[in-house]
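# Have a look; sequence and predicted model below, questions after that.
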Amino acid sequence: MEIVRRWREVLVDDDTEAAAPLLAADLEWVVVSGKSLRGIDEVRKYYAGSGSGGPENLDVEFDPGELEDLGDGRVSAINHQVYRWKETGELAHERRARIEYTIRDGRIVRYEAKLLEE
């Protein structure tokens, strides 16, 4: 679970250089849309661009949730994202997703995010 904790810290700090040692070179990264990213470079591009956040006219609040050790190198959490209109602060949208990480040889080899029904 320590690798996932460190990954989450890297995201908060927006430190893409610190991310590389936590990720396997051939990792698979499945985002909530179902799109599958392959390799560190694709994941970096996703997080550096607008892929992980919201549109420019929205503020995003993020609660990563508590980590749960599922055994066999799998770690899970339920996260919660709240999107608010920048102009008014009013709620635009919110969603919850189950995130599952697979760790092998001290690196994240797979990430999968699935939206949860409200």
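Noted; the coordinates are in hand. Note that the structure is predicted; figures quoted are calculated from it, not measured.

# pLDDT value on the residue lying farthest from the centre of the chain, please?
Centroid-distance maximum for the chain: residue 88 at 26.8 Å, with CA atoms, centre = their mean. Listed pLDDT for residue 88 reads 95.

# for this structure, what helix or strand is lowest in average pLDDT?
Using mean pLDDT, DSSP states H and E, the weakest-scoring helix or strand in the chain turns out to be helix 16-19, at a mean of 78.

# Point out the other helices and strands that that one packs with.
Judged by 3 or more CB pairs under 8 Å, 6 or more residues apart in numbering; DSSP states H and E, the packing partners of helix 16-19 are helix 2-13, helix 39-48. Where you see a C-beta, it was placed from the backbone N, CA and C, and this is true even at glycine.

# Now the weakest link among those helices, please, by mean pLDDT.
helix 39-48 (a mean of 83).

# Relative to residue 6, how far out is the residue farthest from the centre of the chain?
36 Å (CB to CB, to the nearest Å).

# now the strands: where do they sit in the chain?
Under the criterion DSSP state E, the chain contains strands at 23-30, 36-38, 58-63, 68-71, 74-85, 91-104, 107-115.
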